[in-house]
Each structure stands twice: as C-alpha cells, then as structure tokens.
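**Student:** give me the fold of what follows.
(2 chains)
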Number of protein chains: 2
Amino acid sequence: MGFHDKLTAAWARSGSMLCVGLDPDPEKIPSHLANDPEAIFRFCAEIADATADVVCAFKPQIAYFSAIGAEQQLEKLCAHIRQQHPHVVLILDAKRGDIGPTAQRYADEAFVRYQADAVTVNPYLGTDSLEPFLEHSGKGVIVLCRTSNPGSGDLQMLDTGSGPLYQQVAQMANDRWSKMGEIALVVGATYPTELAKVRSIVGDMPLLVPGIGAQGGDVAATVAAGLDSRGTGMMINSSRAILYASSGTDFASEARRVAIATGDEIAQAVNA
Amino acid sequence: MGFHDKLTAAWARSGSMLCVGLDPDPEKIPSHLANDPEAIFRFCAEIADATADVVCAFKPQIAYFSAIGAEQQLEKLCAHIRQQHPHVVLILDAKRGDIGPTAQRYADEAFVRYQADAVTVNPYLGTDSLEPFLEHSGKGVIVLCRTSNPGSGDLQMLDTGSGPLYQQVAQMANDRWSKMGEIALVVGATYPTELAKVRSIVGDMPLLVPGIGAQGGDVAATVAAGLDSRGTGMMINSSRAILYASSGTDFASEARRVAIATGDEIAQAVNA
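**Tutor:** Numbers count the residues shown, from 1 in each chain, chains lettered A, B, ... in the order given. Model (predicted):
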C-alpha cells in the first residue's frame, strides 16, 4: 500500500488527523529514564505505544538523534513503529534537499535505512532535487511550502509576480510533482490564511500541518482552513505539548491524555 | 581563529582555491578497499592526505555516510582532517534547514559532533532558521544561493520584483546575515553569469563554487566571474573528477595529480 492509501486508511482507522512529532530532547525526558543507554528510544517508543490508536502518523525528527550520535536508536524506533503499529504512517522529518546523486543517498537514508513511509524535503533546489525521492514508488514526499516558524516569510512570502513563493511551490506541487509520485505539502498551523490558499490550489493533496501546541497555532482555525473535500486531508502535528505533558513516570499516560484531548479538539472543529 | 580568517590563511598557505568534495560512493571506490570495514573512511582519508597541501578546503558530503549508516566513519574522517591537516578548512556539506529548536540540533551535529569549521545550509525557512548556526562564534554558515544543478532555476530564478530569488538571498546575506555571523554563499560554477552578479552584491564574501569537473562548469569562466577584490574569494569544489581519477591502487596519487592540474588551471585563470 502506498503513502496516500496508507494515510487514508490511517485517518479512517484512528478517526484522527493528529500526528505526534517525536523530537526527544535529552534535557526534557523524564529523569527516571536518564541512565538508560537507549533513553531517547525508550521515551519515544513508550509515547508511540501509548498513542498509536489515536493518531494517524508519527513523525520522528532526525536532528534530535543525529546531534547526539543516536542514529541506531532512531533505526530501532522506526523498526518498533513499523512492527508494533503498522497502520500508523511513519514520517521521517529530515527536510533534505540536494543535487541529484546526493538526493539519491538521502532517499536511501529515509526509505531504505529507516524505512519511513514518507520524508520531508526542501524545494529550494528545484524539481530535479525531488526526483530521486519521487522515484521510490509508494513512498511519500512531503515538500516544505509555508513553514510554521516566525521567519518563514523571509523567502516564502516574496512576491513572484503570480503570488508569493509558497503559492508557486503549491502550484508546482499540484501541476508537476504530484504527477511524478506521492506528494504532500508542509503548511504551518500558525498561518491559517495561507493554509486555506494552499488548500484551494492543491485540491485533496494531503497537508502536514505543524504548529499547534507549543508553537501556538489555533486548532479551529487550522481545521477550518485546511480540510479537504472528504473532511480529512491533514496530518496535524503536535510535538512538545504531547511529549512533555508530564516529566514524571506517568509521561506516557499523560501524553495519551493530551493526544486524546487534542484529537477531540480537532474532531469538534471538523464537526463545527 | 574563525572561519573567514582560517580560509584566508588556507588560500595563502596552499596558493589554491581548490576544495575537494569527499563524496565516497561505495560502488566507485577502489576494489582493493572493498573488504575494509572502514572502507569509505580509509578512501577519503587517503585522498585528504594526498591533496592537503594543494587545497584550501575539504568538504565531506554527509549523505554518502548517512545513507549507509556510516556516521562513525565520518566522525573519524573529520577528526583525521582536523588533526593531520589543521590548516585546511573543513566544511560539512549537509544543506540543513529547519525551525529554531531543530536547527540548534543540526548546528550541534555540524559544529560539536563533527567539529566542522563550516556547514552548508538552506535558506528557504528564513533568517530565524539560520540564527542557531550563526550563534556558533567563529563557525562558517554557507547558505545555498544559486545551486549548480540543472533544475535550480525552478525556484531560484523566479522574479521577486527586485531580481530573481537567488539575488534576494545574496542581498539578505550581505545586508543581514553577514552582520550576525560568518557567512558564505553557494553559487554553482555552471552559472557564471549569476556568479558574477552575486559577487557584485556581496563584495568580498567567500563563495563556495561547486560544479567544475564532472558537472561541467568552466574553470576560466568561473574565475573570471567570481574573484573578489583580493584575487581570491572562492572555494572551487571538485568531487568526482578527483576522487575517481583512478579506480586502482594508485587512486590517491592520481587524485593528487588531478587536484594539482585543477589547481594549476584555476591559478592560470587568475593570472590570465
């Protein structure tokens, strides 16, 4: 089953558009895990086990592993998610972007080494930098469009004559890249106006929407702006608000509680 | 000594603007190394040892290591270059780009884990995504501007009203980012007209110029377009043409021969 079909099935099975971002900060994980040599694997795996039935996707952020030389823990986490929670979409958040032969290596990193269902990529280098990812049949390529951070407008809002740059990216995704493979776009919940504009350009293309929770994006505004024609269409990501709901031994059950509450908030907005 | 000073000293010491890109493809490295469990470390280290006195910089490409789970070989290679060739600038080619807290992790990856002098980054997420790198005092932040690949114009040549996007990036680098840390820009040798334009915008800012050798960029045109007011100013990168000059046991001496010939070609163009 390819990325789009797996995602559609995950939305239906979980009844949720929530994606949990797995960004394990060694300074924030519960102290009772601190002496475990695989602390960040164990932390993320317990979060995943506690929330798998109420989410559509998990999104490990590779930088949190690579900064401390913990790639083997990321490999183990990805294997754990695939084996224990095979119905949940596994997104490697890597934001890679490079010229062709190097992009092939990054595609191997995401799809062969970590066996992710999808990977985030950066469009600045153009179509030929995306092709090596798109050539992996059945895998998802999630292209940055309008990112959630405060400075994202520096380039993304520059007027290109036919709309700001992020709209050009959405248009290219719709017109070209979606015909070459299984595409999705990243649009931040912190920019609901632009989220609605992207939705109007790309039809029912899936959107990965970070920025609710710690980053302050509003759930109701996000849902109103980003729903597709089927009443789904988004992977709405929350990381810190769920991961660090408690710093005690109850971190996983508290993560589940916040994940359910966030999922309920999304569902209420869908039905509003 | 910070990145800019180290680079200036490296140009003077080597008399060369050549940068050797260390992109070790397991399928292309000499067969006599194939059974070495650290084959790509050994291959790159021997290339570095054979060329260190005739280059200003080495640029390992992290994707070639991460695709095959060889981060420890990259750590060992970076340590080898710092210890054996401390006067040569060490650039980690990673093209990272992410929101603030994640960008901090990537900066740690480049500057703490691998102890690179500089790292390549992608500007699509804007100024706040560059800040965590720029905050590492004395380190170099090399921002993608006009990349060497055929499709780079898809976004980079879009007209933003005051010139194409890559010129906006050069202008931001000159006006803002260069005041926040030690900046350089990536401009491909395959686009000499744009290289000259970037040079006119950024004064004596260093430029990393990939695309000669296997990618077909012309050395004379590159030098004519990219020299700074001091007659230097570039790290002109060649990877495959040097790394794979020979597939036999003489690979390192042949790499040295091609590196010297390339350096001579650059020097002749400077003096033309």
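
**Student:** which phi and psi does the nearest residue to A:Gly188 once chain neighbours are set aside have?
**Tutor:** Nearest-residue entry for A:Gly188: A:Ser148, 2.8 Å, with adjacent residues in sequence omitted and distances by CB to CB, 6 or more residues apart in numbering or on different chains. Where C-beta positions appear, they are placed from N, C-alpha and C, glycine not excepted. As for A:Ser148, its main-chain torsions (degrees, to the nearest 10) stand at phi -80, psi -10.

**Student:** is A:Ser148 in contact with A:Gly217, as I believe?
**Tutor:** Yes - under the criterion of CB atoms under 8 Å, A:Ser148 makes contact with A:Gly217 at 6.8 Å.

**Student:** find the residues that touch each one of those two.
**Tutor:** A:Gly188, A:Ala189, A:Thr190, A:Pro210, A:Gly211 (CB atoms under 8 Å, 6 or more residues apart in numbering or on different chains).

**Student:** now those in TSV, with pLDDT?
**Tutor:** Converted to TSV, those look like this (pLDDT from 0 to 100):
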residue	pLDDT
A:Gly188	97
A:Ala189	97
A:Thr190	96
A:Pro210	97
A:Gly211	92
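
**Student:** what's the closest of these to chain B?
**Tutor:** Distance to chain B, by CB to the nearest CB, is smallest for A:Pro210 among the shared contacts of A:Ser148 and A:Gly217, at 8.1 Å.

**Student:** for that closest one, grab phi and psi.
**Tutor:** Torsion angles, degrees, to the nearest 10, at A:Pro210: phi -90, psi 170.

**Student:** show me what contacts it?
**Tutor:** A:Pro210 neighbours (CB under 8 Å, 6+ apart): A:Gly21, A:Thr147, A:Ser148, A:Val186, A:Gly188, A:Ala189, A:Gly217, A:Asn237, A:Ser239.

**Student:** pLDDT check: weakest of those residues?
**Tutor:** Among those, A:Gly217 carries the lowest pLDDT, at 91.

**Student:** quick check, that one in contact with A:Ala225.
**Tutor:** No - applying CB under 8 Å as the test, A:Gly217 and A:Ala225 come out as separate, 10.3 Å apart.

**Student:** for those two, list the residues in contact with both.
**Tutor:** With CB under 8 Å, 6+ apart as the test, A:Gly217 and A:Ala225 both reach A:Pro192.

**Student:** give me every residue that touches the residue lying farthest from the centre of chain A.
**Tutor:** Ranked by distance from the centre of chain A (CA atoms, centre = their mean), the top residue is A:Gly161, with 30.0 Å. By CB under 8 Å, 6+ apart, the contact list for A:Gly161 reads B:Leu158, B:Asp159, B:Gly161.

**Student:** repeat the analysis, applying 7 Å as the threshold.
**Tutor:** Counting by CB atoms under 7 Å, 6 or more residues apart in numbering or on different chains, A:Gly161 touches B:Asp159.

**Student:** quick check: A:Ile142 is in a strand.
**Tutor:** Yes - assessed by DSSP: H, G, I helix; E, B strand; the rest coil, A:Ile142 belongs to a strand.

**Student:** so what pLDDT did A:Ala272 get?
**Tutor:** For A:Ala272, the predicted pLDDT is 88.

**Student:** just give the nearest non-adjacent residue to it, would you?
**Tutor:** Per CB to CB, 6+ apart, closest to A:Ala272 is A:Ala220, 6.9 Å.

**Student:** low pLDDT regions in chain A?
**Tutor:** Within chain A, no range satisfies pLDDT under 70.

**Student:** all helices of it, in order?
**Tutor:** Using DSSP state H, the helices of chain A run over residues A:3-14, A:39-51, A:63-66, A:71-84, A:100-108, A:127-134, A:153-156, A:165-175, A:192-202, A:219-226, A:240-243, A:251-271.

**Student:** what parts of the stretch 101-250 of chain A come near chain B?
**Tutor:** Residues of the stretch 101-250 of chain A lying close to chain B (CB under 7 Å from any CB of the partner chain) are A:102, A:105-106, A:108-109, A:113, A:122-129, A:144, A:147-155, A:158-161, A:165, A:168, A:172.

**Student:** ok, back up a step: the residue nearest to A:Ala272 contacts A:Ala269, correct?
**Tutor:** Yes - here A:Ala220 reaches A:Ala269: they are 4.5 Å apart, a contact under CB atoms under 7 Å.

**Student:** which one of the two has more residues nearby?
**Tutor:** A:Ala269 (18 against 14; other CB atoms under 10 Å in any protein chain shown).

**Student:** my guess is that one contacts A:Gly226, does it?
**Tutor:** No - between A:Ala269 and A:Gly226 there is no contact under CB under 7 Å: 10.2 Å.

**Student:** on that earlier part again, out of the helices of chain A, deepest packed?
**Tutor:** Comparing the helices of chain A by mean neighbour count (mean count of other CB atoms under 10 Å in any protein chain shown), helix A:63-66 ranks first with a mean of 24.

**Student:** is chain B contacted by it?
**Tutor:** Yes - using CB under 7 Å from any CB, helix A:63-66 reaches chain B at A:Ala63, A:Tyr64, A:Ser66.

**Student:** for those residues, which one is nearest chain B?
**Tutor:** For the residues of helix A:63-66 next to chain B, the nearest to chain B is A:Ala63 (3.7 Å; CB to the nearest CB).

**Student:** in contact with the closest one, which residues?
**Tutor:** B:Asp98, B:Thr102, B:Arg105, B:Tyr106, B:Glu109.

**Student:** these: which ones sit near chain A?
**Tutor:** Answer for these near chain A (CB under 7 Å from any CB): B:Asp98, B:Thr102, B:Arg105, B:Tyr106, B:Glu109.

**Student:** my read is that the last one contacts A:Ser66, right?
**Tutor:** Yes - the pair B:Glu109 and A:Ser66 qualifies as a contact (CB under 7 Å) at a distance of 4.9 Å.

**Student:** I'd say A:Ser239 and A:Pro24 touch.
**Tutor:** No - between A:Ser239 and A:Pro24 there is no contact under CB under 7 Å: 9.7 Å.

**Student:** so how far is A:Leu207 from A:Thr51?
**Tutor:** Note on A:Thr51: its distance to A:Leu207, by CB to CB, to the nearest Å, is 21 Å.

**Student:** can you give me the neighbour number for the nearest residue to A:Leu227 once chain neighbours are set aside?
**Tutor:** Once flanking residues are discounted, A:Leu227 sits nearest to A:Gly233: 5.8 Å by CB to CB, 6+ apart. Around A:Gly233 there are 23 other residues, counting by other CB under 10 Å.

**Student:** next one: the one 5 residues further on
**Tutor:** A:Ser238 has 28 neighbouring residues, counting by other CB under 10 Å.

**Student:** hmm, who's touching stretch A:26-36?
**Tutor:** Outside stretch A:26-36, the residues that touch it by CB under 7 Å, 6+ apart are A:Ala39, A:Ile40, A:Arg42, A:Phe43, A:Ile68, A:Tyr244, A:Ser247, A:Gly248, A:Thr249, A:Phe251.

**Student:** and that stretch, which residues are buried?
**Tutor:** The neighbour-count criterion (16 or more other CB atoms under 10 Å in any protein chain shown) identifies A:Ile29, A:Pro30, A:Leu33 as the buried residues of stretch A:26-36.

**Student:** ok, back up a step: switch the ones next to chain A among the contacts of A:Ala63 over to TSV; also include distance to B:Val89.
**Tutor:** Below are those laid out as TSV (distance: CB to CB, whole Å):
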residue	distance to B:Val89
B:Asp98	24
B:Thr102	26
B:Arg105	23
B:Tyr106	19
B:Glu109	18
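
**Student:** for the residues you listed, which one is nearest B:Arg257?
**Tutor:** Nearest to B:Arg257 among those, counting by CB to CB, is B:Glu109 at 34.2 Å.
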